[in-house]
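*Asks:* predicted coordinates and the sequence they were generated for:
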Amino acid sequence: EAQTRTITHSASGTTCTVHDFGATVLSFKTKEGKECLFVSRKAKMDGSKAVRGGIPLVFPQFGQPDTNMPQHGFLRQNYWKASEPYDTSDIAGIEYTLELKDVQNARGVGLWDKSTELDCVCTYKIEIGCNKMTTALIIKNTSSSKPFDFQTLQHTYYLVNDGAAFDPSQCYVKGLNGYIVDDKITNTEYDAGEDPVVLVGNVDRVYNPKEGSAKSVDVNIGVGGSSTIQMKAIGEVDGKEVPVACVVWNPFKEKAAAMGDFDDPQYVDMICVEPGILNKTSLDVGKTATLTQIVDIM
């Protein structure tokens, strides 16, 4: 039976709701009851496919560089185990775990299939405080002998108020100037300029930090109704900070219409701003990788 859990930070009234399938955060509401995350009206909530919206988790690949495995890997397509939620004066939270032996869906054929010598345990820690949410994905290589290469990302869908996703004065991402843009629509690469990133048509871009610049992401996202969200993200592998890329995505009209679980007109209600460790990175036996996203409602 599909299961969702709501965590409430009693001291502030901030709440979040999580689906056990994919450990997908579906809702993050401010103390005033304002929703911050977008979920499609047609999203599947029965575990038949990944949830279209909220914060789907991506690992061990982003997109589908390995065509033997489904796009974005297996975290978002399996049931996770939830701990008991907690609620203190400072924070409320819950922790989810997924062991590779329990992964039934989306393993593909080859490297990560059921006969693999690879092994890992994934932990997802969700914490909320007053108008703030921290989501930390922790991946541990628990194999006895095999390192593995991976990519990981938190595919966050933000709700844009008043259908204003394509109004550049209301919906934008500030703080990605100087990043190297890998534009998946035009298949070009260029340096991001000083202007805020805004949505024009179908946008699918990976913003990679330059060599020698800050490794963490720190952006300000306009979400309509003159509201903004600050998102910070930090990546660590074996205790050392690694570069975090930031993906900006909106399917626009035609691609939204082509997705069975996306309610066509809703593309004006969302923007995806997704931090990820996207440089192919190796994780040695016994070592841990962590991708932490901190969302602050301004």
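*Replies:* Perfect, thanks for sending it.
*Asks:* list the contacts for residue 155?
*Replies:* 55, 56, 57, 58, 72, 76, 247, 272, 274 (Cβ atoms under 8 Å, 6 or more residues apart in numbering). In short, each C-beta sits where N, CA and C put it, glycine included.
*Asks:* can you get me a residue count around the fourth one?
*Replies:* Burial of residue 58 is recorded as 27 neighbouring residues (other Cβ atoms under 10 Å).
*Asks:* any idea how far residue 177 is from it?
*Replies:* 25 Å (Cβ to Cβ, to the nearest Å).
*Asks:* go on, the first one?
*Replies:* Here the criterion is Cβ to Cβ. By it, residue 55 lies 25 Å from residue 177.
*Asks:* more crowded one of the two?
*Replies:* Per other Cβ under 10 Å, whichever of residue 55 and residue 177 has more neighbours is residue 55, with 29 against 13.
*Asks:* run through who's touching the helix or strand of the chain with the lowest mean pLDDT.
*Replies:* Among the helices and strands of the chain, helix 252-258 carries the lowest confidence by mean pLDDT, DSSP states H and E, at a mean of 93. Helix 252-258 has contacts (Cβ under 8 Å, 6+ apart) with 199, 201, 202, 203, 262, 263, 264, 265, 266, 267.
*Asks:* now flag whichever of those residues is closest to residue 31.
*Replies:* Among the contacts of helix 252-258, residue 266 lies closest to residue 31 (Cβ to Cβ), at 25.8 Å.
*Asks:* and the closest residue to the closest one other than its chain neighbours, how many residues sit next to it?
*Replies:* Leaving out its chain neighbours, the residue that sits closest to residue 266 by Cβ to Cβ, 6 or more residues apart in numbering is residue 40, at 5.9 Å. Residues near residue 40, counting by other Cβ under 10 Å, number 21.
*Asks:* list the contacts for residue 113?
*Replies:* residue 107.
*Asks:* ok, residue 59 next?
*Replies:* 73, 74, 75, 122, 137, 139, 150, 151, 152, 153.
*Asks:* what's the distance between it and residue 277?
*Replies:* For residue 59, the distance to residue 277 - Cβ to Cβ - is 9 Å.
*Asks:* between the two, what contacts are shared?
*Replies:* Between them, residue 59 and residue 277 share the contacting residues 150, 151, 152, 153, judged by Cβ under 8 Å, 6+ apart.
*Asks:* secondary structure of residue 267: a helix, I assume?
*Replies:* Yes - under DSSP: H, G, I helix; E, B strand; the rest coil, residue 267 falls within a helix.
*Asks:* wait, doesn't it sit right on residue 250?
*Replies:* Yes - using Cβ atoms under 8 Å, residue 267 makes contact with residue 250 at a distance of 6.1 Å.
*Asks:* of the two, which one has the most company?
*Replies:* Under the criterion of other Cβ under 10 Å, the comparison of residue 267 against residue 250 puts residue 267 first, with 26 against 22.
*Asks:* how about the more buried one, nearest residue that isn't a chain neighbour?
*Replies:* residue 256 (4.1 Å).
*Asks:* pick out the residue nearest the middle of the chain.
*Replies:* residue 154 (1.7 Å; Cα atoms, centre = their mean).
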